[in-house]
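Novice: Sequence and computational prediction follow.
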Amino acid sequence: MQRLLIEGGRPLYGCVPISGMKNSAVAVLYATVLIKEECIIENIPKIMDVYTVIESLKSLGAVVEWISEDTISVNCRTLRDTHVPECWICGIRASYYLLGGLLGRFGYCEIAYPGGCDFGKRPIDQHMRAFSAFGADCEQEKGYIKVEAKEALHGATITFDVISVGATVNALLVASSIVQETVLEQVAIEPHVQDLMKFLCACGVKIKLEGRTLRIRGGEQLHGCRFRISPDMIEAGTFLIAATACGGDVCCTALEPSHLSALCKVLSKMGANIDLASTQIRIRREGTVYATSVTTGAYPAFPTDLQPQIGVLMSIAHGESRLYEKVWSDRFRYLPELQKMGAVVKQEGDCAIFNGTRLYGAPVEATDLRAGAALVIAGLCAQGKTQISNLAYIERGYVALSEKLKNIGANIEKSG
Ligand code: EPU
């Protein structure tokens, strides 16, 4: 099993180019099943989750080719199947976008339950509500989900009970295949959802977003397009937190600063100096890291996908910090690992309370993707050697994480 070996305690200096956004790339790649022409997608991150999406599209009969280092051509004209082998479904969460995509294209889809990170209950009731509102029958049994339109799908008005990225994406995909207007209320507006909207617009769908309300008019003949995936705000945020934790002077380039407003506010409260430019953020930290309080929520609030990473920063901050997790019921599974490194933290319901201290290196285990990234940050700012197992989790979502960290002065190696 591959591990990461980190010798901590070094400040970080230099530039980090940010890759394309994982959660946008997987949504846009799955959305191509609606399009019967070639789509060229640029700035695709080369990570395990993307490879899984590509294999699932190929298994449906799509022609997928890398045409440069980070650009893919996908042609779903030849799609002939609605069956995707379980192995391409169970490894990632986003595979359930095939429900919306294939329901829109063929009026039918049956897949195994999607996988992805385990942080407690991950219900899909809002997805099912949307499919039913469009006129589809939905069944969930024996580990399978089936959606079927026995008659033509129709436009609908849907007000979601909770703000959900996945339900918004699935409803958008179905609505894009329907000529009548659909109105979606209480939608997620994360940058990756907005990327998907832009991609669908480029293919001929009419989409208007006002606040949290979306108006969508799909097309009978959607056309191919060339589209560029936005930079990954969570990758960028992970490096900005690492630089604050280790100290030094780091510039993250090729990103969209407005996506990181909530994080930048927190990091400057915690003692970082931040300079924003049009496509980069420079972060410097020399003095004390201060304690603070953070609450996660739907965009534009503080992202849950940076919660474990900011938890590490809180574990070395001076004083008591409070971290409230409001999106996932069980996203504090990394805390026992952090405690092995000396963190002083207790959990009370949806709140983790940290009393800042020094971390020291230890053998630890990544419990999911972002928890793994958080342990990397912990290893970088700890005294001594840290060994992180379950590296595969981290590689699902970060392009060349150890190489990018090495380039800014980290002592980090893969082994095994
Ligand atoms: N929810 C429901 N019912 C539903 C759907 C969601 O109650 O039908 C609840 C969930 O239990 C949760 C909240 O709504 O409390 C938000 O869930 P959401 O549906 O937004 O999450 P998701 O679509 O499954 C995506 C990202 C996650 C990220 C969340 C929240 C992708 C592929 N995944 O998941 O990303 O944590 O949104 O922002 O886009 C990651 O990248 O590490 C990751 C886990």
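Specialist: The structure has been received and is ready for your questions. Numbers count the residues shown, from 1 in each chain.

Novice: Would you mind listing what in the protein touches the ligand?
Specialist: Within the chain, the positions adjacent to the ligand are 23, 26, 93-94, 117, 121-127, 162, 164-167, 188, 192, 304-305, 327-328, 369-370, 397 by CB under 6 Å from any ligand atom. C-betas here are computed from N, CA, C, even on glycine.

Novice: Tell me the buried residues within the residues you listed.
Specialist: Those of the residues of the chain next to the ligand that meet the buried threshold are 23, 26, 93-94, 117, 122, 124, 126-127, 164-167, 188, 192, 304-305, 327-328, 369-370, 397, by 16 or more other CB atoms under 10 Å.

Novice: So which of the residues you listed belong to helices?
Specialist: Counting by DSSP state H, the part of these found in helices is N23, V26, Q126, H127, V165, G166, A167, H192, L369, R370.

Novice: Look at A236 and say how many residues are nearby.
Specialist: Burial of A236, expressed as a neighbour count using other CB atoms under 10 Å, amounts to 26.

Novice: go on, the one 4 residues further on?
Specialist: Counted with other CB under 10 Å, the burial measure for L240 works out to 27 neighbours.

Novice: Which residue ranges of the chain form helices?
Specialist: Going by DSSP H, the chain shows helices at 22-31, 48-59, 97-106, 125-133, 165-175, 191-202, 233-246, 261-269, 307-316, 335-340, 369-381, 391-395, 401-407.

Novice: Mind giving me the packing neighbours of the shortest one?
Specialist: The criterion is 3 or more CB pairs under 8 Å, 6 or more residues apart in numbering; DSSP states H and E, and the helices and strands that helix 391-395 contacts are strand 3-7, helix 369-381.

Novice: Identify all contacting residues around stretch 286-302.
Specialist: The contact list for stretch 286-302, computed with CB atoms under 8 Å, 6 or more residues apart in numbering, reads 163, 188-191, 244-245, 247, 261-263, 266, 269-271, 303-304, 307, 310, 313-314, 316-327, 354, 356.

Novice: Nearest to K340 among the ones in helices among the buried ones among the residues of the chain next to the ligand?
Specialist: Closest approach to K340 among these (CB to CB): R370, at 18.0 Å.

Novice: Quick check: closest non-adjacent residue to the residue of the chain positioned farthest from its centre.
Specialist: Distance to the chain centre peaks in the chain at E151, reaching 34.5 Å (criterion: CA atoms, centre = their mean). Leaving aside its chain neighbours, E151 sits nearest to G135 (6.3 Å; criterion: CB to CB, 6 or more residues apart in numbering).

Novice: Enumerate every residue touching that neighbour.
Specialist: Going by CB under 8 Å, 6+ apart, G135 touches A149, E151, A152, L153, H154, A156.

Novice: Spit out the contact partners of the fifth one.
Specialist: Pointing back at H154 there. Contacts here follow CB under 8 Å, 6+ apart; on that basis H154 touches F134, G135, I178, Q180.

Novice: so D70 makes contact with I47?
Specialist: No. With contacts counted by CB atoms under 8 Å, D70 stays clear of I47, the gap being 11.4 Å.

Novice: For those two, indicate the residue with more neighbours.
Specialist: For D70 versus I47, neighbours defined as other CB under 10 Å are more numerous around I47 (24 against 18).

Novice: any idea how far the more buried one lies from the ligand?
Specialist: Remark: distance between I47 and the ligand (CB to the nearest ligand atom, to the nearest Å) = 11 Å.

Novice: List the contacts of that residue.
Specialist: By CB under 8 Å, 6+ apart, the residues touching I47 are K22, E395, R396, G397, Y398, V399.

Novice: Quick check: the fourth one touching L369?
Specialist: Yes. Taking CB under 8 Å as the definition, G397 is a contact partner of L369 at 4.6 Å.

Novice: Contact partners for E256?
Specialist: With contacts taken as CB under 8 Å, 6+ apart, E256 has the following neighbours: P191, S230, P231, M233, T279.

Novice: now swap in G120 and tell me
Specialist: W328, S329, D330, R331.

Novice: Now with 7 Å, please.
Specialist: By CB atoms under 7 Å, 6 or more residues apart in numbering, G120 lies in contact with W328, S329, D330.

Novice: Excluding residues flanking it in the chain, which one is nearest it?
Specialist: Distances taken as CB to CB, 6+ apart place D330 nearest to G120, at 3.2 Å, with adjacent residues excluded.

Novice: Report how many residues lie close to that neighbour.
Specialist: 12.

Novice: Identify the spatial nearest neighbour of G104, chain neighbours not counted.
Specialist: Using CB to CB, 6+ apart and skipping residues adjacent in sequence, the residue nearest G104 is S177, 3.2 Å away.

Novice: The one you found: neighbour count?
Specialist: Residues lying near S177 (other CB under 10 Å) number 22.

Novice: My guess is it contacts G219. True?
Specialist: No. With contact defined as CB atoms under 7 Å, S177 does not reach G219; the gap is 8.3 Å.

Novice: which stretches of the stretch 101-250 of the chain have low pLDDT?
Specialist: Filtered on pLDDT under 70, the stretch 101-250 of the chain yields no residues whatsoever.

Novice: Give me the phi and psi for G61.
Specialist: phi 110, psi 10 (degrees, to the nearest 10).

Novice: From the ligand, how far out is the nearest residue to it once chain neighbours are set aside?
Specialist: Nearest residue to G61 in three dimensions, chain neighbours excluded: R80, at 4.1 Å (CB to CB, 6+ apart). Plainly put, R80 is 26 Å away from the ligand if you go by CB to the nearest ligand atom.

Novice: next one: A343
Specialist: A343 is 21 Å from the ligand, by CB to the nearest ligand atom.

Novice: List the contacts of the spatially closest residue to that residue that is not a sequence neighbour.
Specialist: Spatial nearest neighbour of A343, chain neighbours left out: S315 (4.0 Å); criterion: CB to CB, 6+ apart. Counting by CB under 7 Å, 6+ apart, S315 makes contact with L338, A343, V345, F354, G356, L359.
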